[in-house]
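> dropping a prediction and its sequence here:
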Amino acid sequence: MKKMDNAEIRRLQQNATKEVPLEKWGTYLSERQWGTVREDYSENGDAWNYFPHDHSRSRVYRWGEDGLGGISDISQQLCFAVTLWNGKDPILKERAFGLGNHEGNHGEDVKELYYYLDNLPTHYYMKYLYKYPQEAFPYLDLINTNKSRNKQEPEYEILDTGIFNEDKYFDVFVEYAKNDSEDIFIKIEIFNRGNEKAPITILPTLWFYNNWQYAGEENKPNISYVNNRSIKADHHSLGSYYLYFQQTDDILFTENETNFERLYSRPNKTEFVKDAFHEAIIKGTDFQKLKDKKTGTKCAPVYHLDIEPRQSQSIFLRLSNKEIDDFFPENFEEIFKTRKKEADEFYEAIHPASCTDDQKIIQRQAFAGLLWNKQYYHYDLDRWLHTSDGITPVSGKRMNGRNHNWKYLKNQDILSMPDNWEYPWYASWDTAFHCISLAVIDPLFAKHQLTLLMREWYMDPQGQLPAYEWDFNDVNPPVHAFAALQIYKTEQKLYGNTDINFLKSIFQKLIINFTWWINRKDADGNSIFEGGFLGLDNIGLFNRSMVLPGNMLLEQADGTSWMGMYALDMMNIALEIAMHDISFENTATKFYEHFVIIAEALNELGLWNEEDKFFYDVLSLNKSDAFPLKVRSVIGLTPLFAVASIDKEVFDKLPGFTKRMKWFQNYRITNQLYLPSQDKSDSENILLSLVHKERLEYLFEKLLDESEFLSDGGIRALSKYYEKNPYTLNYYGNTYSIKYDPGDSTSDMFGGNSNWRGPVWMPVNYLFINAFKKLGSFYQDSLKVECPKGSGNFKNLNEVAKEITGRLLYIFEKNNNNERPVNGPYNWFYKKEENCNLVLFHEYFNGDTSHGLGASHQTGWTALISNLILDLKDDDHGK
């Protein structure tokens, strides 16, 4: 690793002194606030219909804001974003358009082309690209065509509409370069990709979040006209900011207030409403009145441009907390070059020396997406339940409806989101994976995020972590101890910082969560765990979160395996702390014993099927008549995740742990009780694993079979065997079936927008690779498996890990045809010179073709590809 000392690193070190390690301004503005649970005040919990896209331009949000390529302050009081009009659309382009869950044939989906090109952890440099059609945006075509398609058909995407076929579109680049934390230069460059001159109207928009709707008018902020090159924004707690811009004849003002007249045929509170610019620009309605207003809570200078073919024009602005006379001094544009150079230096220090240029592009854009997906998130459950949004009165049904038992939850933070459009809310296990990637570029923020989930305004008093706003009661896999270790080791390796205090702090909270699992998700007290869908949506024959009829019980191989992994990770954290603080030694022993008991349950109580040599979920009635649900999926491979190696140094330094461990082992051997895999190497290191070596080989035989789990792009979530051999279960009058679906979901389960019945998912592949490296480092060449099955090539498990890494890289890397498999049928567009280095990071990938599916900006956990690139050695360049 190259020396980590540059301008950005020094800025991050300065942030380390803050209570919250964040810049005051950043890319904290969501891509979508409409259609969220926070904004849903309906009695029936129909968030998509209660606040649809059609309302977003006219209706005030209660809990946050959204915009195109925008930024906000850390408390999201003041926001800036870009608004566009091509002269043909019926509405201005203020935010990204997409389908609600009921409109898409595979659930909700953004129908826009935008890209997170660059970003720094301190947001001193940020760059965003939006592709805006010059013809009328195909809103109705996208809605109607998707509605008419069934689950077996692919989604109808914007590139399918033909709107981009003749290059009649604008590339709108939005670039930010900070002079200091509260002084930001902004460049909007509009490039006409077409062959004809084309008009475009740009409204760089500054507005205040409407907090006076519940806080009262006495502290209402204000934006006021200064001159034809500047406006001033005053806020009672934020202070004053100025937006400076190039001269224009038109500066429009309005209020961030709901247009009740348009939406509900009710009188407006004021004649100046949120969507006034739409009417003024498109129809000329009240244009002069908005121009004459001179004060308001939403304001935009207006620029009408005619751009020559294959040419660009730029608009410059500056948002600052300083009153400046010469706000565009000579050579001011150099600030963009300076900050871009600093970004280059920062990422060059991270890229492995052996990285190809294409891998550098992939890694840097993955990190950029991770940083653009930071978002201001505000949700106070008690207030949400007991107040009105001014449209729908308080309802008794709501007070006993969704999330009603999470009244203490009071979130108001900058959080790492899975995808700022498709998932503009945190999901607890997603966040853990985000933090693993964030640790590479901003370990302080990564630690802050993971710790935040454990705080009392997130975690249930009994220890449950909130899943996500659609149902905080759902249960996600407990991967947070794993993430904590990964963050700790990454910071230690890259930055030379051994943060034992972080491990101590989060360990105490994790104990509470671990105890919740032990007490709440082990119905029979036999260390076989349930947990419901566990983040894997439709992977089961039926919804694994539903209440089963009668006395039926689903005992889950993955729930049990996750807990085995959790126990091992907690043991490892305790051992690491104990090497510095001996008082944690006994705690490590406790988690070792938990691991042994869970391993016994997994291997001895029916989850392992000796006939098929595979782990299955087991369904039982009245604690008898148990039978396995014989579906080969990632559920049966999760036992591979639980593996740890204890070095001889640990045994030498912690005699109490060593003594207790040996006693416990001898006791179980003497009493003929199960003891999990516990091999010893020549160097006297000990390997702990849920799976014995013999069973490992059986599992790898399935996992590395290309007719089952192994695809060109990684490990599938469900065996391809079920493509021609669907599995059907008839049980007490009900019929359940599952088949291999390599692409979009053909099921409505969990909204139908995610699919675990065949595609490749990055987080589980990352966990496989991590486990294989641990196993490989221990066994070396004493354990080799055929990879792929039937090839005649036998590899040790380190080499298998490299093979899987290469297959995951294959998804994103350009091939000999200058195509990236992730782009699937749209490579015709991405082979164009201006698009060939644009990379999207999807939620999951087709199990046959590696085409990206689901959410398209899921960095998010798909940013884990950047960690895999970081681990590349000199001879590793992908598949």
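That came through, no problem. Residues are numbered from 1 along each chain as shown.
> where does the stretch 551-700 of the chain have low pLDDT?
Applying pLDDT under 70 to the stretch 551-700 of the chain flags the ranges 622-624.
> that one: strands as residue ranges?
552-555, 608-609, 614-615, 617-621, 624-629, 643-646, 677-680, 686-689 (DSSP state E, counting those that start in this stretch).
> okay, now the sheet partners of the first one, with direction.
This points to strand 552-555. strand 617-621 (antiparallel) (DSSP bridges).
> dump the strand it pairs with to CSV, restricted to CA.
C-alpha atoms of strand 617-621 as CSV (Å, rounded to 0.1, in the frame of the first residue of the first chain):
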residue,chain,number,x,y,z
ASP,A,617,-34.2,-25.7,6.4
VAL,A,618,-36.5,-28.1,8.3
LEU,A,619,-40.2,-27.9,8.7
SER,A,620,-41.9,-29.6,11.6
LEU,A,621,-45.3,-30.0,13.1
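> how far does that strand sit from its chain's centre?
Centroid separation for strand 617-621 versus its chain: 33 Å, with Cα atoms, centre = their mean, to the nearest Å.
> what's the angle from it to strand 624-629?
With axes from the mean of the first three to the mean of the last three Cα atoms, to 10 degrees defining the directions, strand 617-621 sits at 150 degrees from strand 624-629.
> can you give me the helices in the stretch 551-700 of the chain?
Using DSSP state H, counting those that start in this stretch, the helices of the stretch 551-700 of the chain run over 557-578, 585-604, 648-653, 655-670, 693-703.
> pull out the buried residues from the shortest one.
Read that as helix 648-653. For helix 648-653, the neighbour count (16 or more other Cβ atoms under 10 Å) marks 650-651 as buried. Heads up, the C-betas are built off the backbone N, CA and C, glycines and all.
> which one of the helices of the stretch 551-700 of the chain is the most hemmed in?
Mean neighbour count (mean count of other Cβ atoms under 10 Å) peaks for helix 557-578 among the helices of the stretch 551-700 of the chain, with a mean of 26.
> need the helices of the stretch 551-700 of the chain in JSON lines with distance to Ala177, can you?
Below are the helices of the stretch 551-700 of the chain laid out as JSON lines (distance: least, Cβ to Cβ, whole Å):
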{"stretch": "helix 557-578", "distance to Ala177": "40"}
{"stretch": "helix 585-604", "distance to Ala177": "48"}
{"stretch": "helix 648-653", "distance to Ala177": "48"}
{"stretch": "helix 655-670", "distance to Ala177": "52"}
{"stretch": "helix 693-703", "distance to Ala177": "47"}
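> ok, which of these comes nearest Lys832?
For those, proximity to Lys832 was assessed by Cβ to Cβ; helix 693-703 is nearest, at 38.1 Å.
> list the contacts of Phe772.
640, 797-798, 800-801, 804 (Cβ atoms under 8 Å, 6 or more residues apart in numbering).
> recalculate using a threshold of 10 Å.
640, 643, 700, 703, 785, 796-805 (Cβ atoms under 10 Å, 6 or more residues apart in numbering).
> and the end-to-end length of stretch 397-404?
End-to-end distance for stretch 397-404, by Cα to Cα, to the nearest Å: 10 Å.
> I should have written stretch 542-555 there, sorry.
14 Å.
> list the buried residues of it.
542, 544-545, 553-555.
> mind putting the strands of the stretch 551-700 of the chain into CSV with distance to Ile511?
Below are these laid out as CSV (distance: least, Cβ to Cβ, whole Å):
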stretch, distance to Ile511
strand 552-555, 25
strand 608-609, 29
strand 614-615, 27
strand 617-621, 28
strand 624-629, 32
strand 643-646, 18
strand 677-680, 24
strand 686-689, 20
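> from those, which stretch is densest packed?
strand 614-615 (a mean of 26).
> what does that strand contact?
The set of residues external to strand 614-615 that reach it, using Cβ under 10 Å, 6+ apart, is 556-558, 560-561, 602-603, 607-609, 628, 630-633, 635-640, 690-691, 695, 698-699, 701-702, 719.
> which of the three states applies to the nearest residue to Gly369 once chain neighbours are set aside?
Using Cβ to Cβ, 6 or more residues apart in numbering and skipping the chain neighbours, the partner closest in space to Gly369 is Thr859 (3.1 Å). Per DSSP: H, G, I helix; E, B strand; the rest coil, the local secondary structure of Thr859 is coil.
> check contacts around Thr859.
116, 365-373, 416-420, 434, 437, 762, 839-842, 865-866.
> redo that, cut-off 8 Å
116, 366-370, 372-373, 419, 437, 841 are the contacts of Thr859 under Cβ under 8 Å, 6+ apart.
> what is the nearest of the contacts of Phe772 to Asp167?
Scanning those for proximity to Asp167, where the rule is Cβ to Cβ, the winner is Thr805, at 36.5 Å.
> which secondary structure element contains the closest one?
According to DSSP states H and E, Thr805 maps onto helix 797-812.
> please apply the same query to Val174.
strand 169-180.
> can you tell me the strand partners of the helix or strand just after that strand and which way each runs?
Using DSSP H and E, the helix or strand that follows strand 169-180 in sequence is strand 183-192. With DSSP bridges as the test, strand 183-192 is paired with strand 169-180 (antiparallel), strand 312-320 (antiparallel).
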